[in-house]
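Peer 1: Attaching a predicted model along with its sequence, questions to come.
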Amino acid sequence: MSALRAIFLACVLLAPCAAHAATLTDLWWVPAESGWGANIVQQDETAVVTLHIYDADGRATWLTGVANAYGQANGQPQFRGTLHRMQGDYHAGAFDPRRTRATPAGPFWLSPVDAHRAELEYHVDGAVVRKSIERHTFRLVQPVAWYASSFRLRQWTGSGAPVGTVEYDADVLLHFEGGEATVKVDRTGETCLYCGPLAQSGRFVDIRGTFECSGQPMGTFEITALELTEHGVTGHMRVVRSDRTESGRFGGPRY
């Protein structure tokens, strides 16, 4: 068994039973410090973190570790683990698994601030490093026209009294252009248009603005954590009408 795989298995077997985690999977960086960053891949309560940084002599290096959820910060799971220095065969030569080495380099912690930002701390070579990181947006997402979506939105009045839940299926058309988004929702007997500026952070898009249904102004909305994949779309929607607020999730496959 390779040293890296042994680390992964040990950490997974010792992982606590954490609450369902919001995914941190993305590239992360500090915009004012281009040249280094973190690659985070999360699967449930376990996250693999790779730091691409520089040593004291300015040479590129990378550290990797497996982190387990251990608590909550701002409604999202916190992670901690141990970073390792990796050593192995020359990449263009014959692979010999016996030469793979993983040497502990120090502990690290990852604490989400919100859906797009996190606090990273690690202790390596006697140095304590604390960084405020954010998702790295390197390419704007482009929707693939129509999606067959389902909505499930909780409802409550302006006083906060619960009203119930509304569920419906609808065809959704997404259009992004020049920093503006248009979301057209077609369901039986009604067409709603949600329009406003969009903001992308790594994999996710947020949209906020006003909406109308069948030509009549209805109120304001926000769509957060909108994610487009090869197969479909998912997101969270919150709409504020004159008489009620609706909030919940939606998603569906692309046509």
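Peer 2: In hand now; what should we look at?
Peer 1: okay, CA-based contacts and neighbour counts for the rest of this
Peer 2: Fine.
Peer 1: show me where the chain has helices.
Peer 2: Ranges of helices in the chain, per DSSP state H, are 3-13.
Peer 1: in the stretch 1-150 of the chain, what spans have low per-residue confidence?
Peer 2: Along the stretch 1-150 of the chain, segments meeting pLDDT under 70 span 1-22.
Peer 1: the strands in it, which residues?
Peer 2: Counting by DSSP state E, counting those that start in this stretch, the stretch 1-150 of the chain has strands at residues 26-29, 37-43, 46-54, 60-73, 76-87, 101-112, 117-124, 127-135, 146-156.
Peer 1: If you count neighbours, what's buried in the fourth one?
Peer 2: Going by neighbour count (16 or more other Cα atoms under 10 Å), the buried part of strand 60-73 is 62-70.
Peer 1: For Gly81, give me its contacts.
Peer 2: Contacts for Gly81 (Cα atoms under 8 Å, 6 or more residues apart in numbering) come out as 65-68, 107-109.
Peer 1: Thr234 now?
Peer 2: Listed by Cα under 8 Å, 6+ apart, the contact set of Thr234 reads 225-228, 249-252.
Peer 1: hang on, the earlier thing: for the strands of the stretch 1-150 of the chain, could you give me a markdown table that also reports distance to Gln216?
Peer 2: Below are the strands of the stretch 1-150 of the chain laid out as a markdown table (distance: least, Cα to Cα, whole Å):
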| stretch | distance to Gln216 |
| --- | --- |
| strand 26-29 | 39 |
| strand 37-43 | 42 |
| strand 46-54 | 46 |
| strand 60-73 | 40 |
| strand 76-87 | 38 |
| strand 101-112 | 39 |
| strand 117-124 | 37 |
| strand 127-135 | 37 |
| strand 146-156 | 20 |
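Peer 1: So which of the ones you listed is nearest Arg238?
Peer 2: Of all the strands of the stretch 1-150 of the chain, strand 146-156 sits nearest to Arg238, with 8.2 Å by Cα to Cα.
Peer 1: could you say what helices and strands the closest one packs with?
Peer 2: When contacts are defined as 3 or more Cα pairs under 8 Å, 6 or more residues apart in numbering; DSSP states H and E, strand 146-156 packs onto strand 162-177, strand 232-241, strand 245-253.
Peer 1: still on that earlier bit, so which two of the contacts of Gly81 are the farthest from each other?
Peer 2: Maximum pairwise distance among the contacts of Gly81 (Cα to Cα): 12.0 Å, between Asn68 and Pro107.
Peer 1: Find residues that contact each of these two.
Peer 2: Applying Cα under 8 Å, 6+ apart, one finds that Asn68 and Pro107 are jointly contacted by 80-81.
Peer 1: Domain-wise, how is this protein divided?
Peer 2: The chain is divided into the following domains under automatic domain parsing: 3-135, 146-253.
Peer 1: quick one on the thing from earlier: and the contacts of Thr234, which is closest to Leu24?
Peer 2: Ala225 (11.7 Å).
Peer 1: How about Leu28: what's its closest non-neighbour residue?
Peer 2: No, residue 28 isn't Leu; it's Trp. Nearest non-adjacent residue to Trp28, counting by Cα to Cα, 6 or more residues apart in numbering: Arg135, 4.4 Å away.
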